[in-house]
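Participant: fold the following.
(2 chains)
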Amino acid sequence: MELLDLNIKEVHNGLKNKDFSSAEITKSYLDKIKSNDEKIGAYLSVTEKLALEQAERADKIISSGKSFPLLCGVPCSIKDAILVEGEKCTAGSKILENYVAPYDATVIKKLKENGAVILGKTNLDEFAMGASTENSAFKVTKNSHDLTRVAGGSSGGSAASVAAKEAIYSLGSDTGGSIRLPASFCGVVGLNPTYGAVSRYGLIAMASSLDQIGPITKNIDDAKIVFKAISGKDNMDSTSVEYNFEESNLALKGLKIGVPKEYFKKGINPEVEKLIKNAIQKAKENGAKIEEISLPHTEYAIACYYVIVTSEVSANLARFDGIKYGFSEKSNELLDVYLKTRGHGFGAEVKRRIMLGTYSLSSGYYDAYYKKAEEVRELIRQDFSNAFKKVDLIFSPVAPFPAFKIGEKIDDPLSMYLVDTYTGSVKLAGLPAISLPVGNIGLPAMPAHAGQSGKLPVGLQIIGNYFEENKILNIASFLEKVIQST
Amino acid sequence: MNMITKDEVKHIAKLARLELTEKEIGKMQKDLSSILDYFNLLKKADTKKVKSKLRFIELKKAVRKDEIVKKSSSLANNLIQAAPDKKENYIKVKSIL
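Facilitator: Below is the predicted model of the structure:
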C-alpha cells in the first residue's frame, strides 16, 4: 500500500483499522514535500511542528476507540491567503512577508474541530490576483505534468500540492476561477461553492462580492467530504447562509444538461473541445438529455468581471497602509509612509488592479465603468437564471486551453485576464461549479519521464443552480466513474 | 486605442496612494490604456431594461445588533503584534497635525 496514493476515505479506514497512524502518514507527506517540493514549488511554508502536533492529537482520538470524523488525522495544505493562527500568512505578497495570522479563519477552525492535520501554506498569485501563480512575490509553482508549464492560478500551489502527492486535499479560494482553473490544469478536482455557502472570515479579501473558499481534492468523494465540513452559516461573515449539505440521488438518466453555444465559438483549443465533447457524449450515452443553450451576454463577461474585481480590489487593499501590518517603509510624513509602503510592497499586477479600480471608481468615470458593469452583471445573472429554467446542470470547459508555458502570458495582462473566460461569468452570477478531470492531451514532443506524465489534463466544468452543490457532486461522481472505466 | 496620459496615471496613482517609478508609469500607461480600451466593450451592452441591482443572496437576514463581543486578550495582543510600530498596547501612527 502506497500511503501517498490514498484518498480521504481510504486514509480514514486505514487509521480505523490501525494499518498506520496519523503520525506515520503525516511524516510520509512531510518527507515527500522535503524531497519533491523544490521541483514543484507548491508550498510557501511548511508547518511541520503544527502538523506533527495535530497528528499526535488525532492519534490519541483514534486510539480511544470512539468513532472519529472522516478528516481526523488526514494531512492537508492551505492556500496562503487563509489564516492559520500562529503561522505566517503572506497572501503571496512582500507586503505581508512576515505577517503572522492572529486568529484562525472559520474554515480552519472547522477543519481543526474535525481533527485535520495542516502540512503547510501553499503558493498563490499575489493576493490571489492571477491565473498562473507567476504573480507570487516568492516563486512560481510548476505543473507536475510538465515542469515548464504553470500550475494555473491563483490557487496554483494548492492544486499542485494535491497533484504532486504533497497533500491529500487542499483549501483554495475562487474569485474568477482560482480553484477550478488550477484544478483543471493539474488534473485534480476543484469545487467553487455558491456565494454564501462557505464563510470567508479569515480569508484575505480580494473582491468581496465574488470570493469563495472551496476544496481541491483527488476525487469527487473527497470534495464532498471537505465541502460538508467547511460549509454553513458563520456569524463572522454576514454573507454566509445556513446550509445543510444533503446527498442527492439524481441520476444521469433523464437529466437535462445545457451546453452554452457561446463557449465553443472561437479561441478554444480543438483538443480541449474534443475532450469536453467526449465527456458530454458519455453523459448522453448514460441517458442524459443534452440541450444547446444560449448565454447571450457571455462576450461581456470578462470586461464586466475585471471592472468589478479591480474596483473591489482598490477598496479592499486600501487597508495595507504600513500602519497595521508587517511591511512598512519609514518616513517622516504619514502620506509618504503610505506611498512608499504600497509602492514598494505591492507587485506589478496588484498595482495594476488597484490603479484600474481607482480609475473605474473615480469621479467622472463611475457611470461608464462600475455602474455599467453592475448592470451587465445583472444581465449575465439573468442569462444563467433563464438557462436553469430549462436545464438541471450546465457543462462547459473550465479553460479554453490546457496549462500554458511559464512566461507565455506574464507580459500581457489582458491575455492573462482572458483565461477566465468560462469561469468568471459563473462567479458574476454567484453560482457553484466544479472542475472534473475528463482526459489528457498528449505531448508527443515530451515523453513521460521521472515525475512528469507527458500529458496535460483537461477539466470539465459542471455548473449548477444556487446551493445545488449536491447535484453537481452527484453527477460529477457518476461521470468520474464512467470516464475512469474507459 | 485611446491612450491615457502620463499625468492621468500620476493622478490615479496619487488617489490610490501608490508611489510609482518613471518606468512603472510608462508601463502603466500602456497597460491601463489597452485594458480600459477592452472595458469599453461594455458600452455595447444594452442595459436599459436592467432595474434591479444584484440580489442573488437574501440580504435581509444579514443584519445584527451592534454590540461589543467578548474576545480573548490574546487575540487583541496578536492583532497589536502585527503592527510594525507600537508602544505598549497601542499602534503608533505619525502625527498628522
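Participant: please count neighbours and contacts with C-alpha atoms only from this point.
Facilitator: Fine.
Participant: show me the shaky parts of chain B.
Facilitator: Residues of chain B that meet the criterion pLDDT under 70 lie in B:52-61.
Participant: center of chain B - which residue?
Facilitator: The centre of chain B sits closest to B:A16, judged by CA atoms, centre = their mean, with a distance of 7.8 Å.
Participant: residue contacts, it?
Facilitator: By CA atoms under 8 Å, 6 or more residues apart in numbering or on different chains, the contact list for B:A16 reads A:314, A:318, A:354-355, A:358.
Participant: please enumerate the helices of chain B.
Facilitator: B:6-15, B:22-39, B:73-81 (DSSP state H).
Participant: what would the ones you listed look like in CSV with distance to A:P437 and mean neighbour count?
Facilitator: Putting these into CSV (distance: least, CA to CA, whole Å; neighbours: other CA atoms under 10 Å in any protein chain shown) gives the following:
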stretch, distance to A:P437, mean neighbour count
helix B:6-15, 42, 16
helix B:22-39, 32, 17
helix B:73-81, 41, 15
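Participant: need those helices in TSV (columns: distance to A:V241).
Facilitator: Listed next are the helices of chain B as TSV, based on distance: least, CA to CA, whole Å:
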stretch	distance to A:V241
helix B:6-15	36
helix B:22-39	33
helix B:73-81	26
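Participant: of the ones you listed, give the one that comes closest to A:K266.
Facilitator: Among those, the nearest to A:K266 by CA to CA is helix B:22-39 (17.5 Å).
Participant: could you look up the SS state of A:G357?
Facilitator: When classified by DSSP: H, G, I helix; E, B strand; the rest coil, A:G357 comes out as helix.
Participant: ok, back up a step: generate a ChimeraX selection restricted to the buried subset of the contacts of B:A16.
Facilitator: With 16 or more other CA atoms under 10 Å in any protein chain shown as the criterion, this ChimeraX line picks the buried residues out of the contacts of B:A16:
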select /A:314,354,355,358
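Participant: tell me which of the contacts of B:A16 is nearest to A:G115?
Facilitator: A:A318 (35.8 Å).
Participant: is the closest one located within a helix, as I assumed?
Facilitator: Yes: under three-state DSSP, A:A318 sits within a helix.
Participant: any idea how far it is from A:L339?
Facilitator: Using CA to CA, to the nearest Å, we find A:A318 at a distance of 11 Å from A:L339.
Participant: what comes up buried for the helix or strand containing A:K282?
Facilitator: In this structure, A:K282 sits in helix A:270-285 according to DSSP states H and E. Neighbour counts over helix A:270-285 (16+ other CA under 10 Å) mark A:271-273, A:275-277, A:279-280, A:283-284 as buried.
Participant: just stretch A:332-350 next, same as before
Facilitator: By 16+ other CA under 10 Å, the buried positions in stretch A:332-350 come out as A:334, A:336-347, A:349-350.
Participant: stretch A:355-371 now?
Facilitator: Judged by neighbour count using 16+ other CA under 10 Å, the buried positions of stretch A:355-371 are A:355-362, A:366, A:369-371.
Participant: now it: average pLDDT?
Facilitator: Stretch A:355-371 comes out with an average pLDDT of 94.
Participant: mind listing the strands for chain A?
Facilitator: Per DSSP state E, chain A carries strands over the ranges A:43-46, A:75-79, A:117-122, A:142-143, A:146-150, A:169-174, A:189-192, A:212-217, A:256-260, A:289-293, A:393-397, A:433-442, A:455-463.
Participant: so which of the ones you listed gets nearest chain B?
Facilitator: Comparison of the strands of chain A against chain B by CA to the nearest CA identifies strand A:212-217 as nearest, at 13.7 Å.
Participant: contacts for that closest one next, please.
Facilitator: A:158-159, A:162, A:168-175, A:179, A:183, A:188-196, A:198-200, A:203, A:223, A:226-227.
Participant: run a quick neighbour tally on A:A476.
Facilitator: Number of residues near A:A476 (other CA atoms under 10 Å in any protein chain shown) recorded here: 24.
Participant: ok, it to chain B distance?
Facilitator: A:A476 sits 25 Å away from chain B, going by CA to the nearest CA, to the nearest Å.
Participant: could you do A:T26 as well?
Facilitator: Counting by CA to the nearest CA, the gap from A:T26 to chain B is 28 Å.
Participant: neighbours of A:E85, how many?
Facilitator: Using other CA under 10 Å, A:E85 has 18 neighbouring residues.
Participant: do the same with A:L3
Facilitator: A:L3 has 16 neighbours, counted by other CA under 10 Å.
Participant: what sits against it?
Facilitator: Contacts of A:L3 (CA under 8 Å, 6+ apart): A:25, A:28.
Participant: model confidence score at it, please.
Facilitator: 95.
Participant: circling back to that earlier point, which two of the contacts of B:A16 have the greatest separation?
Facilitator: A:A318 and A:M355 (11.7 Å).
Participant: within reach of chain B, which of the contacts of strand A:212-217 are there?
Facilitator: For chain B, the contacts drawn from the contacts of strand A:212-217 by CA under 8 Å from any CA of the partner chain are A:195-196.
Participant: quick one: buried ones out of the contacts of strand A:212-217?
Facilitator: By neighbour count, with 16+ other CA under 10 Å, those hold A:158-159, A:162, A:168-175, A:179, A:183, A:188-196, A:198-200, A:203, A:223, A:226-227 as buried.
Participant: just to revisit the earlier point, take the strands of chain A and write them to CSV, including mean pLDDT.
Facilitator: Shown next, in CSV, are these (pLDDT from 0 to 100):
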stretch, mean pLDDT
strand A:43-46, 98
strand A:75-79, 98
strand A:117-122, 98
strand A:142-143, 98
strand A:146-150, 95
strand A:169-174, 98
strand A:189-192, 98
strand A:212-217, 98
strand A:256-260, 98
strand A:289-293, 98
strand A:393-397, 98
strand A:433-442, 96
strand A:455-463, 97
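Participant: out of these, which is the most enclosed?
Facilitator: Of all the strands of chain A, strand A:189-192 has the most neighbours on average by mean count of other CA atoms under 10 Å in any protein chain shown, namely a mean of 34.
Participant: just list what that strand packs against, helices and strands only.
Facilitator: Counting by 3 or more CA pairs under 8 Å, 6 or more residues apart in numbering or on different chains; DSSP states H and E, the packing neighbours recorded for strand A:189-192 are helix A:180-186, strand A:212-217, helix A:220-230, strand A:433-442.
Participant: tell me how far stretch A:365-373 lies from the chain's centre.
Facilitator: Offset of stretch A:365-373 from its chain centre (CA atoms, centre = their mean, to the nearest Å): 29 Å.
Participant: before we move on, what about stretch A:95-110?
Facilitator: Distance, stretch centre to chain centre, for stretch A:95-110: 18 Å (CA atoms, centre = their mean).
Participant: please apply the same query to stretch A:219-230.
Facilitator: For stretch A:219-230, the distance from its own C-alpha centre to the chain's C-alpha centre is 14 Å (CA atoms, centre = their mean).
Participant: can you mark which positions in it are buried?
Facilitator: Going by neighbour count (16+ other CA under 10 Å), the buried part of stretch A:219-230 is A:219-230.
Participant: before I go, just wanted to say thanks for your time.
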